[in-house]
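Asker: Sharing a model that was predicted from the sequence below.
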Amino acid sequence: MPELPEVETVRRGLLPAMEGARIEQAVLNRPDLRWPLPERMAERLEGATVERLRRRSKYILADLDTGESLLIHLGMSGRMLVSGVMLGGFHLDHPAPQKHDHVVLHMSGGGRVTFNDARRFGAMDLVRTDREAAHWLLAGLGPEPLGNMFDESYLIEKLRGRATPIKAALLDQRIIAGLGNIYVSEVLFRAGIDPRRQAGRISAKRVAALVPVIRTVLLEAIEAGGSSLRDHRQADGELGYFQHAFRVYDREDEPCVTCGTAIRRIVQSGRSSFFCPSCQK
DNA sequence: AGTAGAACCTGAAAGC
DNA sequence: TGCTTTCAGGTTCTAC
């Protein structure tokens, strides 16, 4: 489900329930997600106040006043539901429990945060905040695409000599952290690059042009997510999903928005890529 | 070293 | 209607 923009939208949606609030009760309905939950997780959470909510790539970090941070990844199907607070001008009532509600946090102030994940590819862990960068899940991540460490010269250098398709390179979280299958297709469409092209064989000029495209695509999606929070009509408290008009993703056989050619779908390393065979070379 | 593919899970949708 | 197959927005592990 979630790539960087969706995770950022989830983070923002969690703020009113979590930031500055105390975790009064943590209910763990199973001992593991993708991996076992950390030792004594409920005890380490209960009584702690959430000082800040941050995002690193597709991870959410809740900094606690205990010196630890709760690390959250939504995997493919992970969903966050907030209730008991105001969101987008609506008061969100507590929903009935659902199948796959794995972790429920009862917050001071009446807020509730429910982590639901059918496929259980998601994860949670507790890490010392001051040693967070060394955490095994975060240590290998490349730069934030919206941060200062990501720029034209970095990407040119990283892609140099690579035989892998540009699609796979942009999906590689060690090169750039936060893009997923949807936004890679969208980025390559806007940059006019064929997803099958070998990363190291794209001219430096075209690689450089990718950088602002990546930023624009992500920022537009974050903005769309922000709108969904402001104009939350369903008021069901589910965060991170929002209507966003994709130009190529999931549009196989539909006309290209630029030239009308039918969008193609191919499989690369087991995953769908969508592109316009006329606009992308 | 670098890359492609399988594996981890469940559920929704499409196909027959 | 019901059974089977395919596919899903992520990441790690294994095998070439």
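Answerer: Noted; the coordinates are in hand.
Asker: Every contact and neighbour count from this point should use C-alpha atoms.
Answerer: Will do.
Asker: In contact with the residue of the stretch 151-281 of chain A at minimum distance from DNA strand C, which residues?
Answerer: As assessed by Cα to the nearest atom of the strand, DNA strand C sits closest to residue A:180 within the stretch 151-281 of chain A, at 3.2 Å. Taking Cα atoms under 8 Å, 6 or more residues apart in numbering as the criterion, residue A:180 is in contact with A:2-4, A:171.
Asker: And the furthest pair within those?
Answerer: Using Cα to Cα, these span at most 13.4 Å, a distance reached by A:2 and A:171.
Asker: If you count surrounding residues, which of the two has more?
Answerer: In this view residue A:2 and residue A:171 are compared by other Cα atoms under 10 Å, and residue A:2 has more residues nearby, 24 against 19.
Asker: burial count for residue A:134?
Answerer: By other Cα under 10 Å, the residues close to residue A:134 number 12.
Asker: Quick one: name the residues of the stretch 1-150 of chain A near DNA strand B.
Answerer: Neighbours of DNA strand B within the stretch 1-150 of chain A, by Cα under 7 Å from any atom of the strand: A:99, A:118-121.
Asker: I'd like to know which of the residues you listed is nearest to DNA strand B.
Answerer: residue A:119 (3.7 Å).
Asker: Specify the local secondary structure of residue A:155.
Answerer: Of the three states, residue A:155 takes helix under DSSP: H, G, I helix; E, B strand; the rest coil.
Asker: now do the one 3 residues further on
Answerer: Of the three states, residue A:158 takes helix under three-state DSSP.
Asker: Find the nearest non-adjacent residue to it, please.
Answerer: Closest residue to residue A:158 apart from its sequence neighbours, by Cα to Cα, 6 or more residues apart in numbering: residue A:175 at 6.8 Å.
Asker: May I see the domains of chain A written out as residue ranges?
Answerer: Taking automatic domain parsing as the domain assignment, the ranges for chain A are A:4-134, A:152-275.
Asker: Serialize those to a markdown table and add fields for mean pLDDT.
Answerer: Putting the domains of chain A into a markdown table (pLDDT from 0 to 100) gives the following:
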| stretch | mean pLDDT |
| --- | --- |
| domain A:4-134 | 96 |
| domain A:152-275 | 91 |
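Asker: so can I have CSV of those domains showing distance to residue A:144?
Answerer: What follows is the domains of chain A, written out as CSV (distance: least, Cα to Cα, whole Å):
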stretch, distance to residue A:144
domain A:4-134, 6
domain A:152-275, 6
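Asker: among those domains, which is nearest residue A:281?
Answerer: Residue A:281 sits nearest to domain A:152-275 of all these, at 4.7 Å, using Cα to Cα.
Asker: Quote the end-to-end distance of the closest one.
Answerer: 23 Å (Cα to Cα, to the nearest Å).
Asker: Pull out the buried residues from the helix or strand harbouring residue A:205.
Answerer: Taking DSSP states H and E as the definition, residue A:205 sits inside helix A:204-230. Applying a neighbour-count criterion of 16 or more other Cα atoms under 10 Å, one finds A:204, A:207-208, A:210-215, A:217-218, A:221-222, A:224-226, A:228-229 buried in helix A:204-230.
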